[in-house]
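Chemist: need a 3D model of the following:
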Amino acid sequence: MPTPRDPRPSPDAEPDPGLTARASKLSPRALRWVGFCFTAATALTACALWYAYLSFRPLRATDFSNVSGILDSAAETSPGVLDIHLAGSSLRYRVPKERSRSALPRESFLAQVHRGDPVEIIALRRDIAEPRGALLDRTPQVFIYGLSSRGREYYDLKDYLAWQYRNHSGELICACILTVLSALLVAGHWRGRVKAQAPHAD
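Modeler: Below is the predicted model of the structure:
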């Protein structure tokens, strides 16, 4: 009975010269495209961060208003998102994922505040006056920036006001880092191009 042949190539076998030639021919071009795309993405991200930093307009306590009511329902509709409905209102009050996870003790609120309990919500005046739906969900909603019940604060507006300044400082740091990185990448590409075009000495 013949011995079955091992389909794996022998480590001593020489590589296919055709494959080697094609790989060596395409690699420099592919690397240039990868470098160009990475540089462009870095520069665009840096520009977006600089725009966000320079156009920053912090929200103030006077931009918000209180909404008092009786809790009709409260549920975590998706991971990290808390939706609240008040009795007699069709509006959906929502704590977004990023704020719910960082500041709001969802488990404590859901366990201690029940249907029929009084709640006080802090939201932007403009959102209360003109509630709007999201791009993929047209249900009118108002984002929550403060939440309390029977004198207990579950989500304090002061935490958000302080967070926006910390986030603003983070944008500046990231923008500076990406700007320096973009400059180094552009300088490296330019230096490589000049070196490739320079006449070679005999």
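
Chemist: state the mean pLDDT of the lengthiest helix in the chain.
Modeler: In terms of residue count, the longest helix belonging to the chain (DSSP state H) is helix 157-197. Averaging pLDDT along helix 157-197 gives 79.

Chemist: and if you look at stretch 124-139?
Modeler: Stretch 124-139 comes out at a mean pLDDT of 82.

Chemist: what packs against the longest strand along the chain?
Modeler: Ordering each strand of the chain by length in residues (DSSP state E) puts strand 64-78 first. Applying 3 or more C-beta pairs under 8 Å, 6 or more residues apart in numbering; DSSP states H and E, we find strand 64-78 packed against strand 81-86, helix 106-112, strand 118-124, helix 125-129, strand 146-149. No exception for glycine: its C-beta is placed from N, CA and C like everyone else's.

Chemist: for the shortest one, which positions count as buried?
Modeler: It stands for strand 146-149. The neighbour-count check on strand 146-149 (16 or more other C-beta atoms under 10 Å) flags 146-149 as buried.

Chemist: what's the closest of those to residue 175?
Modeler: residue 146 (30.0 Å; C-beta to C-beta).

Chemist: measure that closest one to residue 64 for me?
Modeler: Noted for residue 146: a distance of 7 Å to residue 64, by C-beta to C-beta, to the nearest Å.

Chemist: quick one on the thing from earlier: what about the longest helix of the chain, distance to the chain center?
Modeler: Distance of helix 157-197 from its chain centroid, counting by C-alpha atoms, centre = their mean, to the nearest Å, is 16 Å.

Chemist: picking up where we left off before, which residues are common contacts for residue 146 and residue 64?
Modeler: Listed as contacting both residue 146 and residue 64 by C-beta atoms under 8 Å, 6 or more residues apart in numbering are 122-123, 157.
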